[in-house]
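Trainee: with the sequence up front, the predicted model follows.
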Amino acid sequence: MSRSTAKRISGSNKRVKPKKTSQRIRRRTSRLRKRGLRASKRLFRGRRTGKRGFFARASAPLAQPEVTAALPQHEPEVSALTAKVPLVGILFSKDRALQLDAALRSLNLHALDVSSAQIKVLYTTSNAFYEAQYDRLKASFPQVQFIKEEQFRQQILAAIENSHYVMFIVDDCLFVRDFTLQSVMNTLAAHGDLLGFSLRLGPNIRYCYTMDAPQAIPAYQSVEYGHCKFDWTTAQHEFGYPLEVSSSVYRTDDLLPHLQQLDFSNPNTFEGIMAGNARGIAAGRHYLACNEASLAFCNPLNLVQNVYANRAVNKQEYSSHELALLFENGNRIDVTRYTNLIPEACHQHVAIF
C-alpha cells in the first residue's frame, strides 16, 4: 500500500487519512539515505582497488573457520559410561616432580582449551621420598588424574580406549606458545592423509639433539590455523620419526588396534615399538602436521630410565635427586620465562633457575 493511500480501520467502513510526515523528518531521512549510499560506494570501491574498506583484502591471514568434522557428528546414543571423550592426554613421569609440575603448568598456560580434555599422569617412583612429592602434585592439580604405574601396557590401553584423540607428553616437556587442542583435532579431522600432529616440530627445528646432527627441513604445505604438513616418509631425523611420546597427538582409532597386538612395558619400549611399526600403523597416512613454530620442546636435564642411553645434560645439579630437593624446599620453575621461545631442536637445554 502506498503512503498516500488511506487505511481502512478493521471492523469499520470508516477511512482515516495518514498522518503527514514533517518536512524536518523527511529531510533527515533523505540525508541518511545519501550518506549510506556514499559509504557503500566507498566500501565497494575499496574492494576493487585494494584500499582499506570493509571488503578490502586483509594484510594478515584471516582466522580459519572452525572445522566441524573433528568429532563424529551423528553418533548413536550411548551411556555416560561408554561415551568417548574428545581427547585424552597421557603424561609419563618418573621421579621428576619438579619437571612434571612445570610441564603441567606450561600446558595449562598455553593450551587455551585444556579444560576440555582429560589429562592423566601415568607415573612411577623409586622410593617414598619421590612418592610423597607426587602426592603434593595431586593436591596442586586436582583436575588431573594421577595413575600409579602397575601394568603399563594394560593401563595405556584402558586410558585411551574411550577417546577420539590421544596426546602423549613426557614430564620434561615445556609448552611455549598459545594454541588450542580443538584446532589440532580439527586439522587431523580435515586431512585424512595425516598420521598425527607433532607439537614439538616446526620449520624452526634445524638441529637434531639426539643425533647431534644438522636437521634438514622437509618441504611443507601450509594448512589451516597456521599449521603445516609434510611427508614424513621422505624426511630426515626428527621429521622422519612420526610416532613418539614426548608431545604429539594422534587419532585413537589409528593406534589402538595395533597397540592391542604389540608388546611394551614402559614409555621407552612403548615409543620404540610404535616407531618400529610406523609404516604399518600409518596405513598410507604419509603426512605429519605441526605448527608454523614449535608449540613445545623437551629440556633434557637428566635420565631416569635405563632402557636406552638417551642423550641428556646429566650434570650432578640436574640429577633427579637434586631437583627433588629443590622441589622439597619450595622451588618451582618459572614457565613464563619460556613463553614464545623458538627452539632450534626438539630437545634443547635451557636454564631452569
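Mentor: Happy to help now that I have it. Keep in mind that this is a model prediction, so the values were computed, not measured.

Trainee: sketch out the helices for the stretch 51-200 of the chain, chain order is fine.
Mentor: 97-110, 128-140, 152-160, 181-190 (DSSP state H, counting those that start in this stretch).

Trainee: now do the buried residues in the last one.
Mentor: Across helix 181-190, burial judged by 16 or more other CB atoms under 10 Å covers 181-190. Backbone N, C-alpha and C define where each C-beta goes, glycine included.

Trainee: before we move on, what about the third one?
Mentor: Applying a neighbour-count criterion of 16+ other CB under 10 Å, the buried positions in helix 152-160 are 152-153, 155-156, 159-160.

Trainee: identify, from the residues you listed, the entry nearest to residue 273.
Mentor: Nearest to residue 273, judged by CB to CB, of the buried residues of helix 152-160 is residue 153 at 10.0 Å.

Trainee: if we can go back for a sec, what would the buried residues of helix 181-190 look like in CSV with distance to residue 287 and pLDDT?
Mentor: CSV is the format used below for these (distance: CB to CB, whole Å; pLDDT from 0 to 100):
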residue, distance to residue 287, pLDDT
181, 20, 98
182, 20, 98
183, 17, 98
184, 14, 98
185, 16, 98
186, 16, 98
187, 11, 98
188, 11, 98
189, 14, 98
190, 12, 98
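
Trainee: farthest pair in the buried residues of helix 152-160?
Mentor: Top of the distance list for the buried residues of helix 152-160 (CB to CB): 152 and 160, 12.8 Å.

Trainee: which residue is the nearest non-sequential neighbour of residue 122?
Mentor: Once flanking residues are discounted, residue 122 sits nearest to residue 147: 5.0 Å by CB to CB, 6 or more residues apart in numbering.

Trainee: show me the contacts for the one you found.
Mentor: 120-123, 155, 159 (CB atoms under 8 Å, 6 or more residues apart in numbering).

Trainee: gap between it and residue 134?
Mentor: 11 Å (CB to CB, to the nearest Å).

Trainee: shared neighbours, the two?
Mentor: Shared contacts of residue 147 and residue 134 (CB under 8 Å, 6+ apart): residue 123.

Trainee: before we move on, the earlier item: turn the contacts of residue 147 into a markdown table, including pLDDT and distance to residue 237.
Mentor: Formatted as a markdown table, these follow (pLDDT from 0 to 100; distance: CB to CB, whole Å):
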| residue | pLDDT | distance to residue 237 |
| --- | --- | --- |
| 120 | 98 | 30 |
| 121 | 98 | 29 |
| 122 | 98 | 27 |
| 123 | 98 | 29 |
| 155 | 98 | 31 |
| 159 | 97 | 29 |
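
Trainee: which of the residues you listed sit farthest apart?
Mentor: Distances among the contacts of residue 147 were taken as CB to CB; the most separated pair is 123 and 159, at 12.5 Å.

Trainee: state the mean pLDDT of stretch 309-322.
Mentor: The pLDDT scores in stretch 309-322 average 89.
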